[in-house]
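Next input, structure requested:
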Amino acid sequence: MFAGEEVRLSSPNTEFQEINNSRLQQDDELLLALSDEKIKSDLREKIRKRRHSEGLGDLEVKFYKPKEYEMRPEEKMKSESRKARNRRSARVSRDKRKRQEEELNKEIKDLEEENQKRKNYVINLQNFEKKLRLRFADHLIRCKSAEVTHLRQAVRNNNLQNSIPGTVIVGQTVNYT
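Have a look, this model is predicted:
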């Protein structure tokens with residue numbers, strides 16, 4: 001034996017089963033391709049050969065075609081009315097399914113439109129928020145600058161009042177005590 005060589009242990013029975021299984025698979029594929037009568041005659045022959053090889057006698061295998069009876073007039077009428085009811089029922093069912101599908105498609109379309117409107121609304125709100133934030137930031141800058149200007153004026157006014165005795169700044173309350 002060589003290194004890495006696989007040893008296969010099997011009995012003649014398992015080998016026969018493997019061969020038999022592969023033959024059965026081939027037979028199945030072949031049988032599917034043949035007509036019913038050919039299949040039946042081939043099966044009959046296979047069974048006969050296998051029984052002879054096993055030492056058994058022949059089996060009487062007969063395939064009978066089912067007898068065909070002509071329908072009575074009332075049975076024909078009943079059958080036709082059943083077919084008509086089935087056709088009508090199938091048509092109603094198809095129409096109902098089609099109607100439901102159309103309703104669902106309309107609902108989908110409406111929901112998609114509503115969704116798009118809401119998305120646009122959200123985008124508009126976001127843009128509005130950005131504008132408000134910019135205006136607020138601008139307002140803060142102006143307020144701070146106005147506040148600083150006011151403080152500067154207050155400081156200047158205070159300095160003027162202190163530099164000239166007896167001067168009164170407009171808007172300032174005077175104490176006459």
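
Helix or strand: which one has G57?
For G57, there is no host helix or strand (DSSP states H and E).

pLDDT on stretch 41-56, on average?
Here stretch 41-56 scores 82 as its mean pLDDT.

buried ones in it?
Buried residues in stretch 41-56, counted by 16 or more other CB atoms under 10 Å: none are found. In short, each C-beta sits where N, CA and C put it, glycine included.

what's the answer for stretch 97-112, then?
Buried-residue list, stretch 97-112, by 16+ other CB under 10 Å: empty.

Show me the longest helix that occurs in the chain.
helix 73-163 (DSSP state H).

Average pLDDT for that helix, rounded please.
Across helix 73-163, the per-residue pLDDT values average to 89.

neighbours around R82, how many?
Counted by other CB atoms under 10 Å, the residues lying close to R82 total 10.

Dump the one helix or strand R44 maps to to PDB, keeping only the CA atoms.
Assigned by DSSP H and E, R44 belongs to helix 36-53. Coordinates of each C-alpha in helix 36-53 appear next as PDB, following Å, rounded to 0.1, in the frame of the first residue of the first chain:
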ATOM      1  CA  ASP A  36     -47.300   4.000 -20.400                       C
ATOM      2  CA  GLU A  37     -47.700   0.800 -22.400                       C
ATOM      3  CA  LYS A  38     -44.000   0.500 -22.900                       C
ATOM      4  CA  ILE A  39     -43.400   1.100 -19.200                       C
ATOM      5  CA  LYS A  40     -45.900  -1.600 -18.300                       C
ATOM      6  CA  SER A  41     -44.400  -4.200 -20.600                       C
ATOM      7  CA  ASP A  42     -40.900  -3.400 -19.500                       C
ATOM      8  CA  LEU A  43     -41.800  -3.700 -15.900                       C
ATOM      9  CA  ARG A  44     -43.600  -6.900 -16.600                       C
ATOM     10  CA  GLU A  45     -40.400  -8.300 -18.300                       C
ATOM     11  CA  LYS A  46     -38.100  -7.100 -15.500                       C
ATOM     12  CA  ILE A  47     -40.300  -8.700 -12.800                       C
ATOM     13  CA  ARG A  48     -40.400 -11.900 -14.800                       C
ATOM     14  CA  LYS A  49     -36.600 -12.000 -15.200                       C
ATOM     15  CA  ARG A  50     -35.900 -11.200 -11.600                       C
ATOM     16  CA  ARG A  51     -38.300 -13.900 -10.300                       C
ATOM     17  CA  HIS A  52     -36.700 -16.500 -12.700                       C
ATOM     18  CA  SER A  53     -33.200 -15.500 -11.400                       C
END
